[in-house]
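After the sequence you'll find the predicted model.
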Amino acid sequence: MVKKIDVKVKVLKHAEGIDLPAYQTIHSSGMDIRAAVEKQVILKKGEVKAIETGLIFAIPEGFEIQIRPRSGLALKHGITCLNTPGTIDADYRGEVKVILANLGKEDFVIERGMRIAQAVLCPVFQANLIKVDDIDSTERGSGGFGSTGVK
Ligand SMILES: O=c1ccn([C@H]2C[C@H](O)[C@@H](COP(=O)(O)OP(=O)(O)OP(=O)(O)O)O2)c(=O)[nH]1
Ligand SMILES: [Mg+2]
């Protein structure tokens, strides 16, 4: 059973008539979110644009929403969220925008109401930093960035 958490959403005027974000299957992680552009917007190849969603969320404390790309758009058209996963903070009360980048070979047309990304509700833990003089040693140590090899 998927646990449901109430999230309030306000729909701005320019998004009226566009479907609310929705889970496409019963166990989907993300709700697909739609572009609230006027008619259509062209995202030229190599271009980055913040696309309006017309949505303001009031996310409960202790949660965030991550804005993630859709794999179909990425694979077929090279369309991704530049800052993936985008972070929507629980205390943000502005319009959610999706920062789309066109890494494909062609210009891409974003139509009004198109499902451009997905929003995933996630729990948040904040770190309580404890400053120390000595840090414990581990097997990995300072190895990183490919230190374990490929195969
Ligand atoms: O893809 C995104 C990412 C962020 N935001 C909004 C919600 C988020 O709560 C706020 C700040 O995002 P972030 O912390 O990623 O940006 P920043 O550059 O650190 O801005 P700030 O100084 O306002 O935190 O911007 C979006 O609408 N879409
Ligand atoms: Mg920030």
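Yep, that arrived. Ligands and ions are numbered 1, 2, ... in the order given.

show me the contacts for the closest residue to ligand 1 within the chain.
Per Cβ to the nearest ligand atom, Gly86 is where the chain lies closest to ligand 1, at 2.4 Å. Every C-beta, even on glycine, is put in place using the N, C-alpha and C of the backbone. Gly86 makes contact with Gln66, Ile67, Arg68, Val98, Ile99, Ala117, according to Cβ atoms under 8 Å, 6 or more residues apart in numbering.

redo that, cut-off 6 Å
With contact taken as Cβ atoms under 6 Å, 6 or more residues apart in numbering, Gly86 is in contact with Ile67.

On the pLDDT front, check the nearest residue to Ile67 once chain neighbours are set aside for me.
Setting aside the residues directly before and after it, Ile67 is nearest to Gly86 in space (Cβ to Cβ, 6 or more residues apart in numbering), at 3.4 Å. At Gly86, the pLDDT value in this model is 98.

Next: Leu73.
The model's pLDDT for Leu73 equals 98.
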